[in-house]
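> Build me a model from this:
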Amino acid sequence: MDQHSLLVREARIDWSGIAPDSYLRRIDALAGVERIGFTRPVTFFVGENGSGKSTLLEAVAIAYGFNPEGGTKNYRFSTYDSHSDLCGALRLVRGTRRSSWGYFLRAESFYNVATKEEEYSRGPGGRPLHLHERSHGESFLALVQNSFRGDGFYLLDEPEAALSPQRQLTLLAEIARCVREGAQFVIVSHSPVLLGFPDAEILSFDHGAVHPCAYEETDSYQITKMFLQNRNQLLQRLLEED
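So this is what the prediction gives:
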């Protein structure tokens with residue numbers, strides 16, 4: 001897919017709109033970065049906890065018109081106002097295509113989104129998914145399979161938190177289905193399974209400013225590989241008493 005045909009081509013940050021003493025200026029991955037480009041239908045943000053991945057994803061979501069806690073553009077609810085100043089300083093550069101559909105899913109507020117999904121589905125023509133009657137993983141996949149379609153923009157924050165490795169493979173298949181129909185995804189993930197999506201762009205938030213990296217260079221891949229190949233020795237060193 002040509003970059004211009006993506007729904008979102010880049011995110012631009014206007015640092016003049018961020019206070020001089022803001023903690024955002026102390027996030028190494030973002031400090032001073034003025035643009036972050038998207039070149040492929042699936043982009044992953046990777047990096048250590050606290051490196052700024054979810055902060056940027058949230059800002060992209062709000063700039064696109066999503067509710068800060070998740071859902072579609074039509075969702076309007078708030079249980080806790082926690083989004084950062086980055087949201088007001090970030091502007092999206094759109095591609096040549098337009099889409100009115102999409103979804104923002106974050107692991108930490110999925111329960112609230114599921115509750116609102118049930119409320120909204122009770123209206124005329126609605127189709128309740130009964131998400132609270134399913135396990136976390138089952139409800140997450142049900143939402144994806146019923147609400148994700150082609151030609152949409154989707155933002156996922158650590159979706160593996162709800163899914164077993166087998167269900168992560170199911171999610172990969174759903175992502176591929178949507179991409180074939182013109183969708184675009186930006187995903188924060190630590191999962192070596194999800195990060196293996198073919199031809200995905202991986203942007204690392206570790207070791208300085210946001211930069212592209214290969215799948216095999218991610219900590220998720222390297223640590224998982226090291227653990228699987230040297231499990232006994234590694235656990236012995238980690239767990240032995242001083």
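> Select the longest helix from the chain.
Longest helix in the chain, counting residues (DSSP state H): helix 165-180.
> tell me which residues in that helix are buried?
For helix 165-180, the neighbour count (16 or more other Cβ atoms under 10 Å) marks 167-168, 171-172, 175, 178-179 as buried. Backbone N, C-alpha and C define where each C-beta goes, glycine included.
> what does that helix contact?
Applying Cβ atoms under 8 Å, 6 or more residues apart in numbering, the external contacts of helix 165-180 come out as 41-42, 137, 141, 144-145, 148-150, 152, 154, 159-160, 163, 183, 185, 191, 193-194, 196-197.
> 7 Å instead, please
Residues external to helix 165-180 that are found in contact with it (Cβ atoms under 7 Å, 6 or more residues apart in numbering): 41-42, 137, 141, 144-145, 148-150, 152, 159-160, 163, 185, 191, 193-194, 197.
> What average pLDDT does it get?
For helix 165-180, mean pLDDT is 95.
> what's the answer for stretch 100-117, then?
On average, stretch 100-117 scores 70.
> that older thread, would you turn the buried residues of helix 165-180 into TSV with distance to Asp28?
Output for the buried residues of helix 165-180, formatted as TSV (distance: Cβ to Cβ, whole Å):
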residue	distance to Asp28
Arg167	33
Gln168	29
Leu171	30
Leu172	30
Ile175	29
Cys178	33
Val179	31
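> all strands for this structure, in order.
8-13, 35-37, 42-46, 90-94, 102-106, 153-157, 184-188, 201-204, 211-212 (DSSP state E).
> pLDDT-wise, which helix or strand of the protein ranks last?
Using mean pLDDT, DSSP states H and E, the weakest-scoring helix or strand in the chain turns out to be helix 110-121, at a mean of 60.
> And the strands of the chain: which comes nearest Ser22?
For Ser22, the closest of those is strand 8-13, at 11.8 Å, according to Cβ to Cβ.
> Remind me what that closest one packs against, helices and strands.
Under the contact definition 3 or more Cβ pairs under 7 Å, 6 or more residues apart in numbering; DSSP states H and E, strand 8-13 sits against strand 35-37, strand 90-94.
> neighbouring strands for that strand, and are they parallel or not?
strand 35-37 (antiparallel), strand 90-94 (antiparallel) (DSSP bridges).
> buried set for the shortest one?
Burial within strand 35-37, assessed by neighbour count using 16+ other Cβ under 10 Å, is assigned to 36-37.
> thinking again about what came up before, dump the longest helix of the chain to CSV, keeping only the CA atoms.
In CSV, the C-alpha atoms belonging to helix 165-180 read as follows (Å, rounded to 0.1, in the frame of the first residue of the first chain):
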residue,chain,number,x,y,z
PRO,A,165,-1.0,-17.1,22.6
GLN,A,166,-3.5,-19.0,20.6
ARG,A,167,-6.0,-16.2,20.7
GLN,A,168,-3.2,-13.8,19.7
LEU,A,169,-2.9,-15.8,16.5
THR,A,170,-6.6,-15.4,16.0
LEU,A,171,-6.2,-11.6,16.4
LEU,A,172,-3.4,-11.6,13.8
ALA,A,173,-5.8,-13.3,11.4
GLU,A,174,-8.5,-10.6,12.1
ILE,A,175,-5.9,-7.8,11.6
ALA,A,176,-4.9,-9.4,8.3
ARG,A,177,-8.6,-9.6,7.2
CYS,A,178,-9.1,-5.9,7.9
VAL,A,179,-5.8,-4.9,6.2
ARG,A,180,-6.8,-6.7,3.0
